[in-house]
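Participant: Test case, fold it:
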Amino acid sequence: MRKIATVLLVGFISLNALETSDKLFECTEIFKARKSELLIELERIDEQKQSLSALKTATEELLKKREAKVTLQEENVTKQLNEISAKEESIKKMVQKNEELLKELKEIKMGKMAETFAKMKAASAAAVLSEMDIKDAVEILSSLKPKTTGAILSKMEAKKASELTILLAK
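Facilitator: A predicted model of the protein is given here:
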């Protein structure tokens, strides 16, 4: 009986070992198949990594080109702004010079007008100044000698003479 039990046990163990061996063989086959799938997946990941690296390099180059272009444009804008500022300063100086020339011409013109009014008789000068714009009349009167101004104002209508005198005092 022992022999039979031993034979049965050995048979069972052999059968179990054979079954385990078959399972191990199946697992090995599955692992081999899975290994090739994993290698293919690793290869695909490596290709994607290389593509990503190439894309990163291309993007960096494009960014460098754009930065260089922007820098160049900024330099051009700065240069143009400097030119505009220089022209603006030049124009301001010309305007100032023109204003000074106009002021000088106006003074010469007023001087001649004052000279003309100084040579006129007081009554005639009073009549002309009474009809003129009050600002122009004040300018002319202020450029005359006080004695001449007094003579002209004395020949004017009192209301007009007082307006001019008030403006002359300012």
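Participant: Give me the buried stretch members for stretch 100-120, please.
Facilitator: 114, 117-118, 120 (16 or more other C-beta atoms under 10 Å). All C-beta atoms are positioned from the backbone trio N, CA, C, and that covers glycine.
Participant: Of these, which belong to helices?
Facilitator: Counting by DSSP state H, the part of these found in helices is 114, 117-118.
Participant: can I assume Glu139 is in contact with Gly111?
Facilitator: No: counting by C-beta atoms under 8 Å, Glu139 sits too far from Gly111 to count as a contact (10.8 Å).
Participant: all helices of this protein, in order?
Facilitator: Along the chain, the stretches classed as helices by DSSP H are 2-119, 122-131, 134-143, 146-154, 158-169.
Participant: got those as a markdown table, with mean pLDDT columns?
Facilitator: As requested, these are exported to a markdown table (pLDDT from 0 to 100):
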| stretch | mean pLDDT |
| --- | --- |
| helix 2-119 | 83 |
| helix 122-131 | 88 |
| helix 134-143 | 87 |
| helix 146-154 | 88 |
| helix 158-169 | 87 |
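Participant: Need the residues that contact stretch 159-170.
Facilitator: Residues outside stretch 159-170 that contact it (C-beta atoms under 8 Å, 6 or more residues apart in numbering): 129-130, 134-135, 137-138, 141-142, 149, 153-154, 156.
Participant: from the residues you listed, which is closest to Glu60?
Facilitator: Nearest to Glu60 among the contacts of stretch 159-170, counting by C-beta to C-beta, is Lys135 at 71.8 Å.
Participant: number of nearby residues for the nearest residue to that closest one once chain neighbours are set aside?
Facilitator: Spatial nearest neighbour of Lys135, chain neighbours left out: Leu167 (7.9 Å); criterion: C-beta to C-beta, 6 or more residues apart in numbering. The number of residues packed near Leu167 is 15, by other C-beta atoms under 10 Å.
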